[in-house]
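1. structure here, sequence nowhere to be found:
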């Protein structure tokens, strides 16, 4: 609900303290959360996850390169 109120122009809102605590526990910076929720399809065109998850995924598919690793690493960091 908090995210929707920030994204929509016809609503007034903010990320509440309880939602901020959740984002902190998940180690997701506020700005990254808003960018991810509004531009996910533009930012990622392939698998998404931690670097270890991408490595495991690529090994499973017998691929040599971890495509999109830089994007995932950027949005997973503070």
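-> It's in. Since the model is a prediction, treat every value here as computed from it, not as a measurement. Numbering: from 1, shown residues only.

2. pLDDT weak spots in this protein?
-> Along the chain, the parts satisfying pLDDT under 70 run over 4-5, 7-14, 65-78.

3. pull the longest helix from this structure.
-> Ordering each helix of the chain by length in residues (DSSP state H) puts helix 30-43 first.

4. quick check: buried residues in that one?
-> For helix 30-43, a neighbour-count test (16 or more other CB atoms under 10 Å) marks 32-33 as buried. In short, each C-beta sits where N, CA and C put it, glycine included.

5. next structured bit after it?
-> Sequence-wise, the next helix or strand downstream of helix 30-43 (DSSP states H and E) is helix 51-60.

6. packing partners of that next one?
-> If you count contacts as 3 or more CB pairs under 8 Å, 6 or more residues apart in numbering; DSSP states H and E, helix 51-60 packs onto helix 69-76.

7. now residue 21: which helix or strand?
-> Judged by DSSP H and E, residue 21 forms part of helix 17-25.

8. so which bits of that helix are buried?
-> Quick answer for helix 17-25 (16+ other CB under 10 Å): residue 23.

9. residue 19 and residue 28, how far apart?
-> As judged by CB to CB, to the nearest Å, residue 19 and residue 28 stand 11 Å apart.

10. same check, this time on residue 38
-> Using CB to CB, we find residue 38 at a distance of 14 Å from residue 28.

11. do the same with residue 39
-> Remark: distance between residue 39 and residue 28 (CB to CB) = 15 Å.
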